[in-house]
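S.K.: Have a look at this prediction, sequence included:
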Amino acid sequence: VILRRVFPEPTKAIELDDAGSRAQIADLYRPPRSPWLRLNFIASVSGNVVGSDGTSEKLSNPVDRRILGIIRELADVVLIGAGSLRTEGYLRPRNARLAVVTASGNLATESIDKASAADPLIVFCPPSATARVRTSLGEMPVDIVELPETNGQLSPREIAEALRGRGLTSIVCEGGPKLARQFVEAGIVDEICLSTSPVVNGASLPFLGAAQFAERQLTLTQLLIDEASGLYACWAVLQS
Ligand SMILES: NC(=O)c1ccc[n+]([C@@H]2O[C@H](COP(=O)([O-])OP(=O)(O)OC[C@H]3O[C@@H](n4cnc5c(N)ncnc54)[C@H](OP(=O)(O)O)[C@@H]3O)[C@@H](O)[C@H]2O)c1
């Protein structure tokens, strides 16, 4: 499979089967500074983040999975909302921590692979949900970070600060839309990495949810394209 950078300046085609391809892609995705907070999503051309199976799996392909893996390797922590955990199930990143945000404390333990867990799962929740987190995770080692809630929601800014306070400065938020949207609205996202799957399938679950919010200006910083019409864009978010 061939991947090419077409913007800013075109680079030599990257052949995914070549031994050096991982390093070449990592060079294209290395965060420019620390701390860094990026969102990483895949959506269809019609803006849907789920395929016919109700997950992102059907939209993805080997190139997207390779880029996702490399973005994870370049991060200290992968941050997700409990909804994504419950729907998608999560393979622990090999080199980064996994952190989950929940108000309810309902973390379906069967959704998390336990085998590769070198470090405890990090869970952000309000104090009222701690007991349920512990019950739902059973014996799984967990680092519970209690944060205050406002109307059942933890603050994205406090979540990011708590991660940085643990030395986890390179953060990738993999969704879902509910969680990611709050980070965008809080004005603390540096970059959006958005893969576009070459299909249209309506928009039952738009990338950042269905509700309107105040416009934020983006600048395209990179665009890669594969030979099967998949697009891999990076957008810098103007900070507020
Ligand atoms: N295409 C992609 O790249 C992609 C990526 C990720 C997910 N998805 C899809 O997105 C869907 C899930 O969407 P979603 O928007 O519901 O997922 P989500 O954002 O992962 O999960 C929402 C849940 O996260 C918790 N949460 C979010 N913000 C919170 C806050 N500020 N404070 C406390 N808890 C908070 C709550 O959990 P509790 O309910 O436990 O309180 C909330 O119900 C799935 O179908 C998944 O397949 C697609």
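M.R.: Sure, I can see it.
S.K.: which residues touch residue 137?
M.R.: 107, 109, 121, 123 (C-beta atoms under 8 Å, 6 or more residues apart in numbering). In short, each C-beta sits where N, CA and C put it, glycine included.
S.K.: how does it look with 6 Å?
M.R.: 107, 109 (C-beta atoms under 6 Å, 6 or more residues apart in numbering).
S.K.: Run a quick neighbour tally on residue 234.
M.R.: 21 (other C-beta atoms under 10 Å).
S.K.: Shouldn't it be within a strand?
M.R.: Yes: assessed by DSSP: H, G, I helix; E, B strand; the rest coil, residue 234 belongs to a strand.
S.K.: Chain neighbours aside, what residue packs nearest to it?
M.R.: Excluding the flanking residues, the one nearest residue 234 by C-beta to C-beta, 6 or more residues apart in numbering is residue 222, at 4.1 Å.
S.K.: got it, and residue 50?
M.R.: residue 205 (5.0 Å).
S.K.: For the one you found, grab phi and psi.
M.R.: Per-residue torsions, residue 205: phi -140, psi 90 (degrees, to the nearest 10).
S.K.: let's number from 89 now, not from 1
M.R.: With the count now opening at 89, the last piece we talked about shows up as residue 293.
S.K.: which outside residues touch the least confident helix or strand in the chain by mean pLDDT?
M.R.: Across the helices and strands of the chain, the lowest-confidence element by mean pLDDT, DSSP states H and E is helix 170-176, at a mean of 91. Residues outside helix 170-176 that contact it (C-beta under 6 Å, 6+ apart): 143, 188, 190, 195-196, 199, 263-264.
S.K.: Within the sheet, what are the partner strands of the strand or helix carrying the residue nearest to residue 322, with directions?
M.R.: Following DSSP states H and E, one finds residue 310 within strand 306-314. Paired with strand 306-314 in the same sheet, following DSSP bridges, are strand 90-95 (antiparallel), strand 319-325 (antiparallel).
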